[in-house]
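Asker: Coordinates for the following, if possible.
(chains A and B)
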There are 2 protein chains.
Amino acid sequence: MRKGRQSYEFNRMPRIVGSYTVAGPREGEGSFGPLYNLVLDDDHFGEKSYEAAEATMQCEAVKGAISSAGYEVTDIDAIIAGDLQNQITASSFSARQLDIPFLGVYGACSTFGEGLGLAGILFETGDFKKIAVATSSHFSSAERQYRFPLELGNQRTPTSQWTVTGAGCTVLADDGSNVALSGVTFGRVIDFGITDVNNMGAAMAPAAADTLMTHFKEFGVSPSDYDGIFTGDLGKYGSEVLRKLCIDGGYDLGDGYHDCGAMIYTEEQDTFQGGSGAGCNNLVFNAHLLKELHAGRLNNILLVPTGALLSRDSPLQGETIPAIAHAVVIKRIDYHEKTEILS
Amino acid sequence: MRKGRQSYEFNRMPRIVGSYTVAGPREGEGSFGPLYNLVLDDDHFGEKSYEAAEATMQCEAVKGAISSAGYEVTDIDAIIAGDLQNQITASSFSARQLDIPFLGVYGACSTFGEGLGLAGILFETGDFKKIAVATSSHFSSAERQYRFPLELGNQRTPTSQWTVTGAGCTVLADDGSNVALSGVTFGRVIDFGITDVNNMGAAMAPAAADTLMTHFKEFGVSPSDYDGIFTGDLGKYGSEVLRKLCIDGGYDLGDGYHDCGAMIYTEEQDTFQGGSGAGCNNLVFNAHLLKELHAGRLNNILLVPTGALLSRDSPLQGETIPAIAHAVVIKRIDYHEKTEILS
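Answerer: Numbers count the residues shown, from 1 in each chain, chains lettered A, B, ... in the order given. Predicted coordinates for the structure are as follows:
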């Protein structure tokens, strides 16, 4: 049921039945280290390039998530996946090893939100029963694609974020768990004229604010209706900008608001603003938040993946940085709630 | 209604109510020159870079298609768009000028098929009423991103295709025309081990064959059930490979089979295998096939956009070229057919 131009509440509420995360060595030493399913000793993961390593990580995450749900790869109706590599090759190179209809999506670090939202729409038809949503990023493939060769040893600026080496996959099904995807607010592309590629939190905060405030209005809810609101990945500075923009718009995000990028590394890891990348909010969700939902320590959350829609070349051509954010509602439901809703 | 693991027949059959194409100078001299809505004199289109020109072309196509349907931009529920630029910046830079919820997709030259298929799924919920699907490509932005700087004047190989400079948009609505999107077969990622980046037709033909034969089986149809089957863009050589693969699989594509890449330029234009790019099958569909459908000279077609899922770097790392194809059914329906189907 549509709640507004950008928002949709899922009548069928697909359940989250499977999950798997593959994290890099630095992420393994971070805040959620013990919670990842697989932590790599070496971010080459036995491959000859970082790019191939990322594809293998994503494929392992997909197979692990499907297996964790008790399914076979051939049971899955569709995979929706994306990443930060040019032409999302980590995702397509992963998918060529999987016999699953493939839908490639791109929304930079918002990709996981776009994928979950689209999965919810596919379930809404009543005809899709099992869908996998996967994203990934890799520090070393991102650095040399977007910034500089690692060998140069360039200094980082104080507002920069650290691209997470990680891949995660969530498997949704029409039944089988009491944690459900219950709604989405799809974002618009917002550009506030930021040009500093080392300050993407500031570029993305206006898009996050736009989607969040649209979500609150269209769903008729307020920030306090959620146990937690988790953006990903504005970083520390960007999330403070978001708080201020929301207060200006009449919404206090309050104590329940956190940013996945700011959460994923410890203070000692010295990553400046925190993590970023299409794998960051995915890892935090699948390794940490989902477990909190299953355990009942969280009951309903709003996950708001945010993406900076630039390429390596666009800032060099004088372009500002457009951004987007998609918000998805994930909540615990009673096993018996579904039949009541559909009846 | 699902027809099989990869196929979906749309109960609601969204109607194609708007269309607009923006073509480059060479395309304007090609087979469908007089049919494009706007032909550029200069492929810079008043912008400082080819990349920015492509974004402006796509934005003009979207606004033109929405206008041709008699709608305002704010009437549109969602835009699904993609292109070949790294991080699909032509699409996101176009979308930042449009106040429309944005879903970025990537499937190389198959993107238009993925977008139409996903649009059909969104309509299937019954809650989306107007959706725009847009793709674009630009010869000059593609050459320097994937191959060599134009200034080098590199020679082209006989199996190479010419990236189309063009942007097109199709607007779908729940009513308002007698040409409808009635089904989709989503593809899987197929890799037959081709490594020659100048022979992408051969890399994509196995994916096209896989999707086509799956479509025939899952829908229970044969090639002769369609007035035409149009792949895009295998080129001349690739489409011959496809014919042979289908014959090996028990299906003769027959005289009704054509390839958009092989159709878009004239023999005199000397583009070797023909056109390619996310704009190619889009231009051929929106400028030519859609008009034939409206005029009743075609009644039902299968459009099969095909994509080579490589990046500039992946072949340099020794990777083979994975590919994908999505098939969409577009047909004339009686204005009264819809109510019967839904009743």
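Asker: Can you show me the strands along the stretch 51-200 of chain A?
Answerer: Applying DSSP state E, counting those that start in this stretch to the stretch 51-200 of chain A gives strands spanning A:78-83, A:102-104, A:130-137, A:162-163, A:166-173, A:179-185.
Asker: Where does the prediction get shaky in chain A?
Answerer: Across chain A, the ranges flagged by pLDDT under 70 are A:334-343.
Asker: where along it do the helices fall?
Answerer: With DSSP state H, the ranges of helices along chain A come out as A:25-28, A:50-68, A:89-95, A:111-124, A:139-146, A:200-219, A:235-248, A:260-263, A:280-283, A:290-295, A:313-316, A:337-342.
Asker: The fourth one and chain B in contact?
Answerer: Yes: contact of helix A:111-124 with chain B (C-beta under 8 Å from any C-beta of the partner chain) involves A:114, A:118, A:121-122, A:124. Using the backbone N, CA and C atoms, a C-beta is placed for each residue, glycine as well.
Asker: top of those residues by neighbour count?
Answerer: Of all the residues of helix A:111-124 next to chain B, the highest neighbour tally under other C-beta atoms under 10 Å in any protein chain shown goes to A:E114, namely 30 neighbours.
Asker: which residues sit in contact with that residue?
Answerer: Applying C-beta atoms under 8 Å, 6 or more residues apart in numbering or on different chains to A:E114 gives the contacts A:82, A:105, A:107, A:186, A:305, A:326, B:103-104.
Asker: Switch the residues you listed over to JSON lines; also include distance to A:T214 and neighbour count.
Answerer: Below are these laid out as JSON lines (distance: C-beta to C-beta, whole Å; neighbours: other C-beta atoms under 10 Å in any protein chain shown):
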{"residue": "A:G82", "distance to A:T214": "22", "neighbour count": "30"}
{"residue": "A:V105", "distance to A:T214": "20", "neighbour count": "29"}
{"residue": "A:G107", "distance to A:T214": "16", "neighbour count": "33"}
{"residue": "A:F186", "distance to A:T214": "9", "neighbour count": "29"}
{"residue": "A:P305", "distance to A:T214": "15", "neighbour count": "35"}
{"residue": "A:H326", "distance to A:T214": "11", "neighbour count": "31"}
{"residue": "B:L103", "distance to A:T214": "16", "neighbour count": "29"}
{"residue": "B:G104", "distance to A:T214": "18", "neighbour count": "29"}
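Asker: Show me which pair in these is furthest apart.
Answerer: The distance between the two most remote of these (C-beta to C-beta) is 14.9 Å, for A:G82 and A:F186.
Asker: So which of the helices of chain A is the most surrounded?
Answerer: Most buried of the helices of chain A, by mean neighbour count (mean count of other C-beta atoms under 10 Å in any protein chain shown): helix A:280-283, with a mean of 33.
Asker: How far does it sit from its chain's centre?
Answerer: Counting by C-alpha atoms, centre = their mean, to the nearest Å, helix A:280-283 is centred 5 Å from the centre of its parent chain.
Asker: packing partners for that helix?
Answerer: Applying 3 or more C-beta pairs under 8 Å, 6 or more residues apart in numbering or on different chains; DSSP states H and E, we find helix A:280-283 packed against strand A:15-23, helix A:111-124, strand A:130-137, strand A:166-173, strand A:228-232, helix A:260-263.
Asker: at 6 Å instead, please
Answerer: strand A:166-173, helix A:260-263 (3 or more C-beta pairs under 6 Å, 6 or more residues apart in numbering or on different chains; DSSP states H and E).
Asker: Save these as CSV, and put in distance to B:A203 too.
Answerer: Output for those, formatted as CSV (distance: least, C-beta to C-beta, whole Å):
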stretch, distance to B:A203
strand A:166-173, 25
helix A:260-263, 37
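Asker: dump the residue contacts of A:T111.
Answerer: Neighbouring residues of A:T111 by C-beta atoms under 6 Å, 6 or more residues apart in numbering or on different chains: A:82, A:105, A:135, A:278.
Asker: Repeat the analysis, applying 8 Å as the threshold.
Answerer: A:82-83, A:105, A:135, A:278, A:305, A:307.
Asker: that older thread, out of the helices and strands packed on helix A:280-283, nearest to chain B?
Answerer: Chain B lies closest to strand A:166-173 among the helices and strands packed on helix A:280-283, at 14.8 Å (C-beta to the nearest C-beta).
Asker: close to chain B, is that closest one?
Answerer: No: judged by C-beta under 8 Å from any C-beta, strand A:166-173 makes no contact with chain B; its nearest approach is 14.8 Å.
Asker: partners of that strand, with directions?
Answerer: strand A:15-23 (antiparallel), strand A:130-137 (antiparallel) (DSSP bridges).
Asker: relative to helix A:50-68, how tilted is that strand?
Answerer: Orientation note: strand A:166-173 sits at an angle of 30 degrees relative to helix A:50-68 (axes from the mean of the first three to the mean of the last three C-alpha atoms, to 10 degrees).
Asker: Nearest to chain B within the stretch 201-343 of chain A, name that residue for me.
Answerer: Closest point on the stretch 201-343 of chain A to chain B, by C-beta to the nearest C-beta, is A:L309, at 3.8 Å.
Asker: you'd agree that residue is up against B:Q87?
Answerer: Yes: using C-beta atoms under 8 Å, A:L309 makes contact with B:Q87 at a distance of 6.7 Å.
Asker: got the residues of the stretch 101-250 of chain A near chain B?
Answerer: Within the stretch 101-250 of chain A, the positions near chain B by C-beta under 8 Å from any C-beta are A:101-108, A:114, A:118, A:121-122, A:124-125, A:127-128, A:186-191.
Asker: now do 10 Å
Answerer: A:101-108, A:110-111, A:114, A:117-118, A:120-129, A:141, A:144-146, A:184-191, A:207, A:211, A:214 (C-beta under 10 Å from any C-beta of the partner chain).
Asker: picking that back up, could you dump the strands of the stretch 51-200 of chain A into a markdown table and include distance to A:E267?
Answerer: Formatted as a markdown table, those follow (distance: least, C-beta to C-beta, whole Å):
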| stretch | distance to A:E267 |
| --- | --- |
| strand A:78-83 | 28 |
| strand A:102-104 | 36 |
| strand A:130-137 | 22 |
| strand A:162-163 | 13 |
| strand A:166-173 | 19 |
| strand A:179-185 | 30 |
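Asker: Nearest to B:A287, out of those strands?
Answerer: Closest among those, using C-beta to C-beta: strand A:102-104, at 25.7 Å.
Asker: what packs against the closest one?
Answerer: Strand A:102-104 sits against strand A:78-83, helix A:89-95, helix A:111-124, helix B:111-124, strand B:323-325, with contacts defined as 3 or more C-beta pairs under 10 Å, 6 or more residues apart in numbering or on different chains; DSSP states H and E.
Asker: Distance to A:E240 added to those, as JSON lines?
Answerer: Shown next, in JSON lines, are the helices and strands packed on strand A:102-104 (distance: least, C-beta to C-beta, whole Å):
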{"stretch": "strand A:78-83", "distance to A:E240": "28"}
{"stretch": "helix A:89-95", "distance to A:E240": "31"}
{"stretch": "helix A:111-124", "distance to A:E240": "21"}
{"stretch": "helix B:111-124", "distance to A:E240": "35"}
{"stretch": "strand B:323-325", "distance to A:E240": "42"}
